[in-house]
Structures are given as C-alpha cells and as structure tokens.
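Q: only geometry, no sequence info:
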C-alpha cells in the first residue's frame, strides 16, 4: 500500500525522468525509537501502457486556481509626534 | 477566545517592519500574513527618503489571507501619548479578492461525470464523492482520487 505517498505530497521527491533500460538506486533510512513503526517506499510511474508488464496507473491532475488579491489597508499619520499606541 | 485590551506601541515614524511587528501583536492582523510598506510624504504629497520635512507617513498593510468580516471592520483605536500633535486615520483601500468558488465539469471519454446528480461539480467536491462518481463508469472501478489544496500559491500549485 502506498496511501501515505498519495495523500501526503510533502512525502514525494521531485520528479525524475527515467530512461528505459537504466537502473536507479534508491536508499531510505528509518529510525524508530519505540512502539510500532514503519516506512513506505514506492515509485509512481505514470503511463497509459495497457501491457500487463507495465501496468502501474495513470495519473491525471485537475487543478483549480484563483488569483489572490490581498486586502490593502492604509494607516496615515499626519503631523508631528513622538509615540503612539495602537 | 475573547480578546480585549490589546495594545501595540509604535514610535512616530517607525519603520515598516516595526509597524508590522506591532500589528502582529493584534489578533485582527496577526493570523493573516501581513506585510507593510511605509511611505513618507511632505506637505505637497511628494515622497521623501526620510523623516526630514515629513508631513504624512503612510503605512500600507497588505493581508494576504482573507480576514473575517469582524476583523476587517475592527477599527484600531489610536491612543495618543503625550507629545502627539498629529492625526491618525485608517481605511481599507482594497478588499481581499473572492476566494475560489464555482463549479467545473469533467468528462472522461466523452461521458460527463455527475456528482450528486449534477454535471456541474462544485470546486470543493470531496475526493471521495468525485471518486465515487468516476467509479460509476464501467472500467474505472479502480480509480482512486485524492485531493490537495493550498492557499495563495497561485500558478505554482
């Protein structure tokens, strides 16, 4: 199961472009100080090849976004002063 | 949580970072990722490099996150200490833009996906509901849908 990888993007590494026929080395360190513990290691290979040998899963992303216009507030101090308390 | 008697002291002509630090002590501002820009003006409205000859000092406060109406309408009371001979005003220049809303449509292989009997899918549809809708199509019973949202990351998401 690779649910934590799929539901927690912060656990993903950056994408790596794979080359056919080339081996890739992966290494993971896991330290557990007590109680039950585990780690998952998974590779996501998006493709649409239906050959059973290459069956992984296809990943499609739907993004919805909106431009954010921050609120702008202005405090204007006119005249001379020493200290104010807001 | 009831907040009362919040105070933040600033010196006349304080820097924008000092003003920002002061506002960050107030609940109406501290949670909303604010930034402050100070502008010093003379009597004719010309921008000055420092406080020499200053007539007006403006602090433009930008709140990146949307503040609740209660906080937006909460005017800060200016308590003048001894020696204060000027005036202080505060006004909202630009309101925060609307957050994302609305609906979208999704079709797979020419078949429109319906969620809750509607092909107009709400922008905040849950991953489970969208997954259930997609899985209703023959051949897509194993589809998994996950969702992820972030505020204010623009096109970087």
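A: Cool, the structure landed. Bear in mind the structure is a predicted one, so any value in this text is a computation, not a measurement.

Q: Just to check, residue B:31 is in contact with residue B:63?
A: No. Using C-beta atoms under 8 Å, residue B:31 is not in contact with residue B:63; the gap is 9.3 Å. Bear in mind the C-beta positions are built from the backbone N, C-alpha and C, glycine included.

Q: So which of these two has more stuff around it?
A: residue B:63 (22 against 14; other C-beta atoms under 10 Å in any protein chain shown).

Q: quick one: that one from chain A, how far?
A: In this structure, residue B:63 and chain A are 4 Å apart, going by C-beta to the nearest C-beta, to the nearest Å.

Q: pLDDT score for that residue?
A: pLDDT recorded at residue B:63 is 92.

Q: ditto for residue A:9
A: The score at residue A:9 is 60. That number is its pLDDT.

Q: List the buried residues in stretch A:28-42.
A: Neighbour-count burial for stretch A:28-42 flags no residue at all (criterion: 16 or more other C-beta atoms under 10 Å in any protein chain shown).

Q: measure residue B:32 to residue B:26 for me?
A: 11 Å (C-beta to C-beta, to the nearest Å).

Q: same check, this time on residue B:146
A: Taking C-beta to C-beta, one finds residue B:146 at 38 Å from residue B:26.

Q: who's more crowded, those two?
A: Set residue B:146 next to residue B:26 and count neighbours by other C-beta under 10 Å: residue B:26 wins out with 17 against 14.

Q: Check the secondary structure at residue A:72 for me.
A: Secondary structure, DSSP: H, G, I helix; E, B strand; the rest coil: residue A:72 is strand.

Q: Quick check: it touching residue B:93?
A: Yes. Residue A:72 is within contact range of residue B:93, at 4.3 Å (criterion: C-beta under 8 Å).
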